[in-house]
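Novice: Have a look at this prediction, sequence included:
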Amino acid sequence: MAGRNLRRVLFRLHALVGLNLSLLFALSFVTGTLLLFSPELILAGRPDLWLARLTPSEQHSFGAAYDDILKADPDTSVFIMRRSERPWFGDIAYVKDVRGRPRMVWTDPADGKVLGSGGAGLAAARNAIREIHVNFLTRWKPVEVAVTALSVVLFAMVVTGLVTYRRFWRGMFRWPAPGGDTRQRMGMWHRLVAVWVWPFLLIASLTGMVFLLDHVGMSARYPPPGDLAERAWRLPDGFGGRDLDRLVAAAEAAVPGLVATQITLPGLPRDPFVVAGHIADRGEIFGPAQVQFDPATTEIVARSVPETGNAMARILPVAIGLHYGNWGGFVSLIAWVVFGLGAVTLSVTGMRVFAARLRPGRTDLPVGGLRVFLDGLGPVKWAYAALVAAMAAMALIHAI
């Protein structure tokens, strides 16, 4: 009897929280799924920068790409160089032109030759989706903390859902029966999708809580780097691709097995060179590594691997890899897309269950069903209206 009463209380809590936050969860799941395709979103309108290959080519050196970028435009200042996330795209470099405008340059990993370039506007759509996912376009730290705090609520939703759905594993292959009213059909679909996507939601919530801890100050920390020699210049005179390759080689010697995936050049005279990547036999999420160099002396001033940092230095890279589906190459990418769409479906079916409970006759029409759902939210719908208005205002401000 006590167990039944507990499940009844948890079910009501699950329904109440899900009702009021389902739109936020749906928005988060949609934007998160889209962000799995960040490289494709950036180059969706530039088919000339897509490569006709499905497997990675043998990668040329960062130095070769650096020299070719400067050869194509000697007035370019290179700041970040990064290996491509996809074999059908080139490596990317973030640069500034002679007028100080940020641009992106893509080079062929096979030979380092420049494929093409584009302004920051290429990433506008991807950046907007990311801002919605992270802070609802506000770019305000407290909102970002509040969004990551939704991970705690999501975790509670997963737990209460599993507790109230007794022997949930039996429902994994229970196809919704035909017939019945909208509420019954949507309820069956909601439970069927839930028993398949709950592991994904559990991972998303736990990794989100790691991000929450990071936002409130429990960040990854490493021993502080050594002091840099004073200098008035950003890069040494005559700095070129060979010098860059020597730094990469020195980093690989300092961290055995290092696979360099990103080079950060000094942005200001007080900044170091940074060679970042991962240890080959440990992978990206378990073996991130970074080596910093003094530009004046090329001496190593910092060597960062998980063992040299605090506990969060080990946990955060794993959370990032799991949250963004980077843990298993294309297999994890496809899995996360499927689960992401399933999570969206879970939110929508939950909303339709509630709408059908209020007015069964109108929920077969998507617009009517949404209107019924919003009417049922009561005062909470005005909070959603305020959020939409704020997002529209911030979008207009960003556009101007």
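Specialist: That came through fine. Residues are numbered from 1 along each chain as shown.
Novice: got any ranges where the protein has weak pLDDT?
Specialist: Counting by pLDDT under 70, the chain has low-confidence residues at 1-2, 56-57, 179-180, 359-369, 400.
Novice: Which parts of it are strands?
Specialist: Here the chain has its strands, by DSSP state E, at 77-82, 91-96, 102-107, 114-119, 258-264, 273-279, 288-293, 300-304.
Novice: can you redo these as TSV with mean neighbour count and distance to residue 50?
Specialist: From N, CA and C alone the C-beta is placed, and that goes for glycine too. Output for the strands of the chain, formatted as TSV (neighbours: other CB atoms under 10 Å; distance: least, CB to CB, whole Å):
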stretch	mean neighbour count	distance to residue 50
strand 77-82	18	17
strand 91-96	20	13
strand 102-107	20	10
strand 114-119	16	9
strand 258-264	20	21
strand 273-279	22	25
strand 288-293	23	29
strand 300-304	18	34
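Novice: May I see the ones you listed organised as CSV, with distance to residue 231 added?
Specialist: Listed next are the strands of the chain as CSV, based on distance: least, CB to CB, whole Å:
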stretch, distance to residue 231
strand 77-82, 16
strand 91-96, 20
strand 102-107, 24
strand 114-119, 29
strand 258-264, 17
strand 273-279, 12
strand 288-293, 13
strand 300-304, 13
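Novice: do you know which of those lies nearest residue 322?
Specialist: strand 288-293 (13.7 Å; CB to CB).
Novice: Partner strands of that closest one and their direction?
Specialist: Strand 288-293 sits in its sheet next to strand 273-279 (antiparallel), strand 300-304 (antiparallel), going by DSSP bridges.
Novice: which stretches of this protein form helices?
Specialist: Along the chain, counting by DSSP state H, helices occupy 2-35, 38-42, 62-72, 124-135, 141-164, 182-215, 241-254, 283-286, 311-323, 329-358, 366-376, 380-399.
Novice: Could you export these as a markdown table, including mean neighbour count and distance to residue 272?
Specialist: Compiled in a markdown table, these are given as follows (neighbours: other CB under 10 Å; distance: least, CB to CB, whole Å):
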| stretch | mean neighbour count | distance to residue 272 |
| --- | --- | --- |
| helix 2-35 | 17 | 30 |
| helix 38-42 | 18 | 27 |
| helix 62-72 | 20 | 16 |
| helix 124-135 | 18 | 27 |
| helix 141-164 | 17 | 26 |
| helix 182-215 | 19 | 23 |
| helix 241-254 | 17 | 10 |
| helix 283-286 | 17 | 22 |
| helix 311-323 | 18 | 19 |
| helix 329-358 | 19 | 31 |
| helix 366-376 | 16 | 52 |
| helix 380-399 | 12 | 32 |
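Novice: which one of the ones you listed lies closest to residue 225?
Specialist: Nearest of the helices of the chain (CB to CB): helix 241-254, 13.2 Å.
Novice: Alpha carbons only: can I get that closest one in CSV?
Specialist: Taking C-alpha atoms only, helix 241-254 is exported to CSV below (Å, rounded to 0.1, in the frame of the first residue of the first chain):
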residue,chain,number,x,y,z
GLY,A,241,55.0,26.8,-40.8
ARG,A,242,58.3,25.1,-39.9
ASP,A,243,58.3,26.8,-36.6
LEU,A,244,54.8,25.7,-35.9
ASP,A,245,55.6,22.1,-36.8
ARG,A,246,58.6,22.2,-34.4
LEU,A,247,56.2,23.2,-31.6
VAL,A,248,53.9,20.4,-32.4
ALA,A,249,56.8,17.9,-32.4
ALA,A,250,58.0,19.3,-29.1
ALA,A,251,54.5,18.8,-27.7
GLU,A,252,54.4,15.3,-29.0
ALA,A,253,57.7,14.6,-27.3
ALA,A,254,56.4,16.1,-24.0
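Novice: now the residue nearest to residue 134 when sequence neighbours are not counted: how far from residue 214?
Specialist: For residue 134, ignoring the flanking residues on the chain, the nearest one in space by CB to CB, 6 or more residues apart in numbering is residue 144 at 5.8 Å. Separation of residue 144 from residue 214 (CB to CB, to the nearest Å): 11 Å.
Novice: Also residue 226?
Specialist: Counting by CB to CB, the gap from residue 226 to residue 214 is 25 Å.
Novice: contacting residues for the closest residue to residue 125 other than its chain neighbours?
Specialist: When the adjacent residues along the chain are set aside, residue 125 lies closest to residue 41, with 5.6 Å between them (CB to CB, 6+ apart). Residues counted as contacts of residue 41 (CB atoms under 8 Å, 6 or more residues apart in numbering) are 34, 35, 123, 125, 126, 129.
Novice: is the residue lying closest to residue 94 once chain neighbours are set aside in a bridge, and if so with what?
Specialist: Distances taken as CB to CB, 6+ apart put residue 80 closest to residue 94, at 4.2 Å, once the chain neighbours are dropped. On the basis of DSSP bridges, residue 80 is bridged to residue 94, residue 264.
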